[in-house]
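1. below is the sequence, then the predicted model.
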2 protein chains.
Amino acid sequence: MYCLLKLAPLFLAVAVCNGWLFGDFVGKQKEQDEISLWPLPQKFQSSAVAFKLSPASFQIVHAKQSSAGPSCGLLENAFRRYELYSPLFTFEPKVYDSDLVELQVWVTSADPKCDDFPSLQTDESCELFPFRLETFSQLVYEDYYGVNNINKTDISDFPRFAHRGILLDSSRHFLPLKVILANLVTMAMNKFNVFHWHIVDDQSFPYMSRTFPELSQKGAYHPFTHVYTPSDVKMVIEFARMRGIRVIPEFDTPGHTESWGNGIKDLLTPCYSGSSPSGTFGPVNPILNSSYDFMTQFFKEISTVFPDAYIHLGGDEVDFRCWESNPDIQKFMAQQGFGTDYSKLESFYIQRLLDIVAATKKGYMVWQEVFDNGVKLKDDTVVEVWMGNKMEEELQNVTRAGFTTILSAPWYLDYISYGQDWQHYYKVEPLSFPGTDAQKKLVIGGEACLWGEYVDATNLTPRLWPRASAVAERLWSDKSVTDVGNAYNRLVQHRCRMVKRGIPAEPLFVGHCRQEYKGL
Amino acid sequence: MYCLLKLAPLFLAVAVCNGWLFGDFVGKQKEQDEISLWPLPQKFQSSAVAFKLSPASFQIVHAKQSSAGPSCGLLENAFRRYELYSPLFTFEPKVYDSDLVELQVWVTSADPKCDDFPSLQTDESCELFPFRLETFSQLVYEDYYGVNNINKTDISDFPRFAHRGILLDSSRHFLPLKVILANLVTMAMNKFNVFHWHIVDDQSFPYMSRTFPELSQKGAYHPFTHVYTPSDVKMVIEFARMRGIRVIPEFDTPGHTESWGNGIKDLLTPCYSGSSPSGTFGPVNPILNSSYDFMTQFFKEISTVFPDAYIHLGGDEVDFRCWESNPDIQKFMAQQGFGTDYSKLESFYIQRLLDIVAATKKGYMVWQEVFDNGVKLKDDTVVEVWMGNKMEEELQNVTRAGFTTILSAPWYLDYISYGQDWQHYYKVEPLSFPGTDAQKKLVIGGEACLWGEYVDATNLTPRLWPRASAVAERLWSDKSVTDVGNAYNRLVQHRCRMVKRGIPAEPLFVGHCRQEYKGL
């Protein structure tokens, strides 16, 4: 892919894959005092040469030579999003010599991939146009007179890690679609490329299944107002795709499944109090064939609804007490020769589940316990390291075993404290664990997790941003980008940019934005 | 004041001062499962007798006998606010026997006080109609069919403490008017009656002074977009008055005044580095007559702009280092015989300031340091206890000296932590310090303070509510109302009520509201 900038009256060829050049023309010298790129590109060189953008004349267009044209939804949609930030339109604009009048997008590959979903294999340095437009938009700044300017800037950019995720939890609290979409917008501003959708859990089951509608009918907080319909889910996936973001749904089993039990009879283990059932239920019942029949049908649906190559299968925090109380489970344990090691029963369940999901041709992600318990995993499994203690040891172990891994342990953003905790997230170095280069390469990224116990539509967005932006830069920029003071200065401006675009990103510290948030 | 409820076809006389009765009619029995009064009234007795409110027929009106009528802005405005929650209107509503069709307000005193400002002396059990309407609205609940019902309920209510405040800080971050007004609305829902407006501080001076316009021109973050014009201030005061809320502005001196120095030459003390000025400035210069001339003119304006009988004069956290560095100050200290005790110089300044403000006929509030330093205070001074260590000792000392006091030390809501910190605020007992009954009576209330270092329009409202609601109940309800479990159940519903009314009050824990927040 190329991008061309058209300067009146000249054309400029710029931007070949990860080589970017915004203007190579000696124009009027102008001080650029407001560059605030976030996350910082791998290489960039700004100059004092500035061009003006008139809202009346500037436009983003397809280059004549491009293999993509107006039928390419991905590009067309991106053009419109970024032209929104220059709202004026007149029929006969005056154009001056130092005006930048066009950004031309020239897709050079035969297949512009307008309808593809982003994946772990996407070459973000070459293919991902939306992220480039974001960079372009961040280079535009208002001068003293309120005129949009862009300085001549050389950029060579690509992400350090391929998996840069945000986990949102729509079970502890239902998150209205508006909130999810707004956070996808903000993820794109921060070059996050994975939405890890922890969509169901103990507390509620808002995913509306076509195969098992009773799951949400009986498991959601409300069967109509607090669910994600198939149409909602499609919208989220398409909205994300337009922004270069993958959607990886998590359906966590065998624990964290209380809400599943409302709709599906006998799915969960009946807990016993002494010799009789207590009326409460535990994890998925791993000794019944019906459980696996259900999972087979359920994940068949999930594998078609969600286009990403990966599904997150959870597998964390299984509480053994209910299994231990149940005489049928006890009998099964004895038959299988598991003794009293219930992690073996957990592995027995997970192993069968993984085989079921593998048969749908999907890859899977799992929380670290699944690896720790010695379950046999497919080679392309992604193990997510979330436990804060012994994090480096775990990364070592997982990568020594040859599995790819992502890190979320240091980035549980639901934990809040007074002050600038973004700095803690920023200072994390994901590859600081002892290991070979080959091991380090298996760390493909990380995720900022905003678990939902204390978060809903009222406070999610300001709690997540700009704290997650710290994680964004850590996962995108070069390892050497660690200066907290420099980051602070850029992040202050980046958060005002988010606010200007309508996102209530909270302040880092005292100060102001030129345009304050207009909502509540 | 009386309130009459008109039940079709009967009239019911109810509500005489703090005695309330919502219906005394034996109607259809109905389970009321959603009563969630907050803060809890002093006495209340609910019954299962329910009346229906039709949005088409129910209205709040002036009783024929009332001394107030449509010209009474205070009541008219309150009627409209609370009718907003029943939006339907038809011309010929059908009325059934168990319908509640009117709430009639009968002001019995000769003077309905429609144009008065609330004050410390207001008898909230008798006079404050807006708070009663809030209680009424909280008794209305939707039944299974979505129909509004109200149960027969006896209420006798009055606040335990007369001063129930919220401190907002519009200096560390500018707070757009919309945010301030929304929080006044929410204060009224929680029966807070004092808006302590910490309007200026070191970081910015958004108050636009008619006498000294250069204060905000040079001291605000932006002279046009980040200021409160005289009209804005009037609007805040009137908006608050309509809701029974006093506005007490704080103009904190001699410390916390850096932003004042931008507009007023020589107001601040020049700091010295060795034998020459360092170019930085410290607290108000207490040795120049010009400082007192300025304060005289400035507080003359403030005393007319703000109608409340009290002004908060600050007096906290004076940093002596700049004074110590300045040779002119050193000389003055020697002349006055202060030795090297700079708290004497601070007291010297404050004493003169208090005399200046007393001459405007206003009372004043001060932070505890002013009392601690032995400044001579007028008898009606309110001392605000804010330091967390030795809080009980301070309350003892202040009240032993015969001063009224308010407590904010345990309620600094800018400090955040993971989990349900509202419970800590709730468990505080303001009168637990050792002291006589006479001393306890001098504690007239408290304030929840949301200092602005990390808070602006993006996150203020969800950070304040419902955490401040815990303080609201502590200051309103009886001392015996301490059951956290009961409070949790009511507060969960109260926070959903705030959300339903458009306020993004954050969740207490997992769960949902029937109507989730519609913004971001």
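-> All right, it came through fine.
2. so is whichever residue of the stretch 51-200 of chain A sits closest to chain B in a helix, a strand, or just coil?
-> Per C-beta to the nearest C-beta, A:Arg172 is where the stretch 51-200 of chain A lies closest to chain B, at 4.4 Å. No exception for glycine: its C-beta is placed from N, CA and C like everyone else's. State at A:Arg172, reduced to three classes by DSSP: H, G, I helix; E, B strand; the rest coil: coil.
3. please name the nearest non-neighbouring residue to it.
-> Excluding its sequence neighbours, the residue lying closest to A:Arg172 (C-beta to C-beta, 6 or more residues apart in numbering or on different chains) is A:Gly452, at 3.4 Å.
4. now do the residue of the stretch 51-200 of chain A closest to chain B: how many residues are near it, please.
-> By other C-beta atoms under 10 Å in any protein chain shown, the residues close to A:Arg172 number 23.
5. surely A:Lys43 touches A:Ile155?
-> Yes. Using C-beta atoms under 8 Å, A:Lys43 is in contact with A:Ile155, at 6.9 Å.
6. among these two, which residue is more densely surrounded?
-> For the pair A:Lys43 and A:Ile155, the greater number of neighbours falls to A:Ile155 (22 against 14), based on other C-beta under 10 Å.
7. quick one: the helices in the stretch 251-400 of chain A, in order.
-> Assigned by DSSP state H, counting those that start in this stretch, the helices in the stretch 251-400 of chain A fall at A:260-263, A:289-305, A:321-325, A:327-336, A:342-358, A:368-372, A:391-400.
8. chain neighbours aside, what residue packs nearest to A:Phe433?
-> Leaving out its chain neighbours, the residue that sits closest to A:Phe433 by C-beta to C-beta, 6+ apart is A:Glu392, at 3.8 Å.
9. now do the buried residues in stretch A:507-514.
-> Of all the residues in stretch A:507-514, those buried under the rule 16 or more other C-beta atoms under 10 Å in any protein chain shown are A:Pro507, A:Leu508, A:Val510, A:Gly511, A:His512, A:Cys513.
10. can you pull out the residues in contact with it?
-> Residues from elsewhere that reach stretch A:507-514 (C-beta atoms under 8 Å, 6 or more residues apart in numbering or on different chains): A:420, A:422, A:466, A:488, A:491-492, A:495-496, A:499-500, B:172-174, B:203-204, B:221-222, B:225-226, B:452-456, B:458-459.
11. cutoff 6 Å now
-> Stretch A:507-514 has contacts (C-beta atoms under 6 Å, 6 or more residues apart in numbering or on different chains) with A:Val492, A:Cys496, A:Val499, B:Arg172, B:Phe174, B:Gln203, B:Tyr221, B:His226, B:Glu453, B:Asp456.
12. ok, now stretch A:176-190?
-> A:166, A:232, A:236, A:239-240, A:243, A:245, A:457, A:460, A:465, A:469, A:472, A:503, B:516, B:520.
13. how about CSV for the helices of the stretch 251-400 of chain A, with mean pLDDT added?
-> Below are these laid out as CSV (pLDDT from 0 to 100):
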stretch, mean pLDDT
helix A:260-263, 98
helix A:289-305, 98
helix A:321-325, 97
helix A:327-336, 97
helix A:342-358, 96
helix A:368-372, 96
helix A:391-400, 98
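14. reformat those as JSON lines; add mean neighbour count.
-> Listed next are the helices of the stretch 251-400 of chain A as JSON lines, based on neighbours: other C-beta atoms under 10 Å in any protein chain shown:
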{"stretch": "helix A:260-263", "mean neighbour count": "22"}
{"stretch": "helix A:289-305", "mean neighbour count": "16"}
{"stretch": "helix A:321-325", "mean neighbour count": "18"}
{"stretch": "helix A:327-336", "mean neighbour count": "14"}
{"stretch": "helix A:342-358", "mean neighbour count": "19"}
{"stretch": "helix A:368-372", "mean neighbour count": "21"}
{"stretch": "helix A:391-400", "mean neighbour count": "19"}
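15. so which of these gets nearest B:Ala409?
-> Smallest distance to B:Ala409 across the helices of the stretch 251-400 of chain A (C-beta to C-beta): 38.3 Å, for helix A:391-400.
16. can you pull the buried residues of stretch A:148-165?
-> Neighbour-count burial for stretch A:148-165 flags A:148-155, A:157-165 (criterion: 16+ other C-beta under 10 Å).
17. and chain A, which residues reach chain B?
-> A:172, A:174, A:176, A:182, A:203, A:221, A:226, A:415-416, A:418, A:453, A:456-459, A:461-462, A:504, A:506-507, A:510, A:512, A:516-517, A:519-520 (C-beta under 6 Å from any C-beta of the partner chain).
18. go again using 7 Å as the cut-off
-> A:172-174, A:176, A:178-179, A:182, A:203, A:221, A:226, A:415-418, A:453-454, A:456-459, A:461-462, A:499, A:504-507, A:509-510, A:512, A:516-517, A:519-520 (C-beta under 7 Å from any C-beta of the partner chain).
19. for ChimeraX, what selects the buried ones among these?
-> Of those, the buried ones go into a single ChimeraX selection, burial set by 16+ other C-beta under 10 Å:
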select /A:172,173,174,176,179,182,203,221,226,416,453,454,456,457,458,459,461,462,499,504,505,506,507,510,512,516,517,519,520
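20. on that earlier part again, list the contacts of the residue of the stretch 51-200 of chain A closest to chain B.
-> A:Asp201, A:Gln203, A:Trp451, A:Gly452, A:Glu453, B:Val510 (C-beta atoms under 7 Å, 6 or more residues apart in numbering or on different chains).
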